[in-house]
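1. Need coordinates for the following:
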Amino acid sequence: MFIATLIASEKLGQGDISAAADRIAAAGAKPGAIGWIEDAVACDIGFDGDAVAVRAALEGAFAGTDVVVQEAARRRRKMLIADMDSTMITIECIDELADYAGIKAQVADVTERAMHGELDFEGALDARVALLKGLDASVIDRCHAERVVIMGGAKPLVRTMRANGHDCYLVSGGFTVFADRVAEEIGFTRALSNILEIEGGVLTGTVARPIVGAAAKRETLLAEATAHGFDPADCLAVGDGANDIPMIEAAGLGIAYHAKPKTAAAASARIDHNDLRALLYAQGYKRSEWMA
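-> Below you'll find the predicted structure:
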């Protein structure tokens, strides 16, 4: 048995749900029970049949609406692995640091290409950090205070999962000087990220080894699932860039969040219209169950 969850950025009507059930049937599946998680916002439609075909039939069919199709038995995920930049926060930290150095356009172009999967992540990170050599380390605190904004829905998502006994890990290709503070503010169990090397109060233009990249994200998911004694299929992963693809593919529910095309193509679901609260609806959490 599967569940298709429709999550509207504006409003869902009964007509939309009827049309969705018709689309499920037209895809060769058998629609089942319909249940509202939140009136006019999020609705479940149970079905038996081909989940891939149903996802294809529903995704993009309703304006401003995201669709998550998954096994009914696994929808309450036991662990979260999340990216940070442009996922749990609204910015790319390295681009904002570069702005203080007066080279944002140059660095942001490399960031964009790396997140699209056009460049090797490790090489692209080294190249960008090298451009920051000599930047006063005090800019880090200024950047955090002035630029870092927590993504909508991040706090209720993590805190609700934690309150239900599920560990949440922030695994970022960004930097500990941001990730550790972001993880604490949101409520993550632990953060793993890269260390910007600093000497004499300035950035050296280097990153400590080993670099936390795509492989580390996947390995963290698999290792933590094993340590907790459950299947990676019970895990939720969310990210936006190409370096998130391995962890997204390893998770039972891999979410591409306002993501680059390669990441969206690799994911089992896409969130294009809503914020991170969509991941609570996808797990069947009603608003009354959310932690503030």
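
2. How are the strands of the stretch 151-292 of the chain distributed by residue range?
-> Taking DSSP state E, counting those that start in this stretch as the criterion, the stretch 151-292 of the chain carries its strands at 167-175, 190-194, 196-199, 202-207, 235-239, 253-257, 269-271.

3. Dump these into TSV; add distance to Ala145 and mean neighbour count as well.
-> C-betas here are computed from N, CA, C, even on glycine. As requested, those are arranged in TSV below (distance: least, CB to CB, whole Å; neighbours: other CB atoms under 10 Å):
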stretch	distance to Ala145	mean neighbour count
strand 167-175	15	24
strand 190-194	19	20
strand 196-199	17	15
strand 202-207	18	18
strand 235-239	25	30
strand 253-257	25	27
strand 269-271	28	24
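
4. Assign a three-state SS to the closest residue to Ala127 other than its chain neighbours, would you?
-> When the adjacent residues along the chain are set aside, Ala127 lies closest to Val110, with 6.2 Å between them (CB to CB, 6 or more residues apart in numbering). Recorded secondary structure, Val110: helix (DSSP: H, G, I helix; E, B strand; the rest coil).

5. and the gap between Val110 and Leu119?
-> In this structure, Val110 and Leu119 are 7 Å apart, going by CB to CB, to the nearest Å.

6. same deal with Ala265?
-> Ala265 sits 18 Å away from Leu119, taking CB to CB as the criterion.

7. what about those two, which has more around it?
-> The neighbour comparison of Ala265 against Leu119 (other CB atoms under 10 Å) goes to Leu119, with 17 against 11.

8. Doesn't that one belong to a helix?
-> No. With three-state DSSP as the criterion, Leu119 is assigned coil and is not in a helix.

9. Disregarding residues adjacent in the polypeptide, which is nearest to the most centrally placed residue in the chain?
-> Relative to the mean C-alpha position of the chain, the nearest C-alpha, by CA atoms, centre = their mean, is the one of Val238, at 2.6 Å. The shortest distance from Val238 to any non-neighbouring residue, by CB to CB, 6+ apart, is to Ile255 (4.2 Å).

10. quick check: domain ranges of the protein?
-> The record, using automatic domain parsing to delimit domains, assigns the chain the ranges 1-75, 76-292.

11. Adding mean pLDDT, write these out as TSV.
-> Listed next are these as TSV, based on pLDDT from 0 to 100:
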stretch	mean pLDDT
domain 1-75	98
domain 76-292	98
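
12. where exactly do the helices run in the stretch 1-150 of the chain?
-> 14-26, 51-58, 93-100, 104-115, 121-130, 138-147 (DSSP state H, counting those that start in this stretch).

13. Show me the contact partners of the longest one.
-> Translated: helix 14-26. With CB atoms under 8 Å, 6 or more residues apart in numbering as the contact definition, helix 14-26 has outside contacts at 4, 6, 8, 30-31, 34, 43, 45, 47, 49, 54, 57-58, 61-62, 65.

14. ok, back up a step: OK, contacts around the residue nearest to Ala127?
-> Contacts here follow CB under 8 Å, 6+ apart; on that basis Val110 touches Leu119, Ala124, Ala127, Arg128.

15. circling back to that earlier point, any idea how far the residue nearest to the centre of the chain is from Ala19?
-> Going from Val238 to Ala19 by CB to CB gives 28 Å.

16. swap in Phe62?
-> Between Phe62 and Ala19 the distance, using CB to CB, works out to 8 Å.

17. Show me which of the two is the more surrounded one.
-> For Phe62 and Ala19, the more surrounded residue by other CB under 10 Å is Phe62, and the numbers stand at 19 against 14.

18. Can you report phi and psi for that one?
-> The phi and psi torsions at Phe62 (degrees, to the nearest 10) take the values phi -130, psi 120.
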